[in-house]
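J.: just to be clear, the model below is a prediction. Sequence and coordinates:
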Amino acid sequence: MARAFANRVLALCLALVAGTVGAMTVDEESVAVDLRDGLYTGTLQLQLRVPEMLARAVLTDFDNMARFMPGLRSSRVITREGNAWHVAQEGRADFGPFALPFQSERRVEQMADGSLVATALSGSTRHMRSVLRLHATGPTSVQLDYRIEMIPAVWIPGSVGVAFLRHELADQFTALSTEMERRQKATPH
């Protein structure tokens, strides 16, 4: 279900906020989450001080994602065809007294405009679709815009679900930006 909420991508994919990479922590308050008629929608923006190519490499490093994403136990590419990946992930998301195991299979496709679109194929959600866009703002900086929509497979009280998704997205994008920073520091200049 946690993957259901964030699909740790981009899951994927996955998400989300304002700041810069240097020891960046994504503030939960900077993640907007809405719930209407059972559909959760989350959005965020981040300003990162890394080249677009490095940001994209981290965001699509599905085979190694379990090494740097919190709660993710396994992540692997099942198949890759051109600019599309079929990704399987599983893990557990912890939020206060809640511990939610999750499983996810999704298709992640890099579109002609460079955006990453992830769609759930199976797992802990009835519906999940996310869009992540990167916009270079300089040679070593990029704006990340993220939007996710999801319907969990099981009912969750609205206020808990909103807070949970906000927490998950902030946690995941903090981990992603930290990995981007680590890789940038490891790259000889």
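T.: Received it, and whenever you're ready, just let me know what you need. Numbering: from 1, shown residues only.
J.: phi, psi of Asp27?
T.: Dihedral angles phi and psi of Asp27 (degrees, to the nearest 10) take the values phi -80, psi 130.
J.: let's have the chain start at 28 instead
T.: Will do, 28 is the new start, and the previous item becomes Asp54.
J.: neighbours of it, how many?
T.: Asp54 has 14 neighbouring residues, counting by other CB atoms under 10 Å. C-betas here are computed from N, CA, C, even on glycine.
J.: lowest-scoring secondary structure element of the chain by mean pLDDT?
T.: strand 39-40 (a mean of 31; mean pLDDT, DSSP states H and E).
J.: give me phi/psi at Thr52?
T.: Dihedral angles (degrees, to the nearest 10) for Thr52: phi -120, psi 130.
J.: so Ala139 lies in a strand, does it not?
T.: No. Under DSSP: H, G, I helix; E, B strand; the rest coil, Ala139 sits outside any strand and is assigned coil.
J.: quick check: pLDDT value at the closest residue in space to Asn110 that isn't next to it in sequence.
T.: Nearest residue to Asn110 in three dimensions, chain neighbours excluded: Gln137, at 4.1 Å (CB to CB, 6 or more residues apart in numbering). Gln137 is assigned a predicted lDDT (pLDDT) of 96.
J.: beta partners of Gln137?
T.: Beta-bridge partners recorded for Gln137 (DSSP bridges): Leu143.
J.: surely it touches Leu86?
T.: No. The pair Gln137 / Leu86 is not scored as a contact, 9.7 Å apart, by CB atoms under 8 Å.
J.: more crowded one of these two?
T.: Of the pair Gln137 and Leu86, Leu86 is the one with more neighbours under other CB under 10 Å, namely 26 against 17.
J.: wait, isn't that one in contact with Leu203?
T.: Yes. With contacts counted by CB under 8 Å, Leu86 reaches Leu203, the gap being 6.7 Å.
J.: the protein: strands as residue ranges?
T.: Using DSSP state E, the strands of the chain run over 35-36, 39-40, 59-63, 66-75, 99-108, 111-122, 125-137, 143-150, 152-165, 168-179.
J.: looking at these, which is nearest to Thr52?
T.: strand 66-75 (11.3 Å; CB to CB).
J.: in its sheet, what does that closest one sit against?
T.: strand 59-63 (antiparallel), strand 168-179 (antiparallel).
J.: re the thing from before, dump the residue contacts of the residue nearest to Asn110.
T.: Neighbouring residues of Gln137 by CB atoms under 8 Å, 6 or more residues apart in numbering: Thr87, Asn110, Ala111, Leu143.
J.: could you count how many residues lie near the first one?
T.: The local packing count at Thr87 equals 21, with neighbours defined by other CB under 10 Å.
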